[in-house]
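Q: Fold the following.
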Amino acid sequence: MNILEFDNRLEAILVRWDNVEASIKSAELFQGKVTVPAINELRYAGRQIIRAISQSRNLADRDVYDKALYNAEQCLTNADHDIADSLVMFIGRRIDDLNARFGGLSIERAYPPYRELRSAIRECQKRLNKPEKIAKNGTSYMSH
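A: Numbering: from 1, shown residues only. Here you go, the predicted model:
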């Protein structure tokens, strides 16, 4: 990887960072609280970016900075997942609260797609509660 490729990859990471930051702020405004796990992932990504930049002076040692950039990208993906997780759980709790207060039938009369919404949220919650699987190469990914 030459310096231009390194710079382009770093720029793509920073664009993703900005998008994740905006998503964190949107989730915070929606939920009325901060999504701490996502913010932690940004911290971890930042550390990896600094590691990559500090190693980039020696472009011959590609494995070190390439791994750091990969780790930063993974942290941003993890942050995205943390945001989605928190929103799904928040909406699920709100649905449970509404159900307890008004009953599903009353809500469905006022909002006919309620049953489908509730079902979709439950399906998302089930997926979030599945244990993480580890790929053969040692990287992790969420099952779908």
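Q: Nearest spatial neighbour of the most centrally placed residue in the chain, chain-adjacent residues omitted?
A: Nearest residue to the geometric centre of the chain (C-alpha atoms, centre = their mean): Asp80, 1.7 Å. Of all residues not flanking Asp80 in the chain, Val20 sits nearest, at 6.1 Å (C-beta to C-beta, 6 or more residues apart in numbering). All C-beta spots, glycine's among them, are computed from the backbone N, C-alpha and C.
Q: roughly how far apart are Ala12 and Phe6?
A: 11 Å (C-beta to C-beta, to the nearest Å).
Q: More neighbours: the two, which one.
A: Phe6 (19 against 12; other C-beta atoms under 10 Å).
Q: quick one: contacts for the closest residue to that one other than its chain neighbours?
A: In space, and not counting its chain neighbours, Phe6 is closest to Ser56: 5.6 Å by C-beta to C-beta, 6+ apart. Contacts for Ser56 (C-beta atoms under 8 Å, 6 or more residues apart in numbering) come out as Ile3, Phe6, Tyr65.
Q: List phi and psi for the second one.
A: Geometry field for Phe6 lists phi and psi as phi -60, psi -50, criterion degrees, to the nearest 10.
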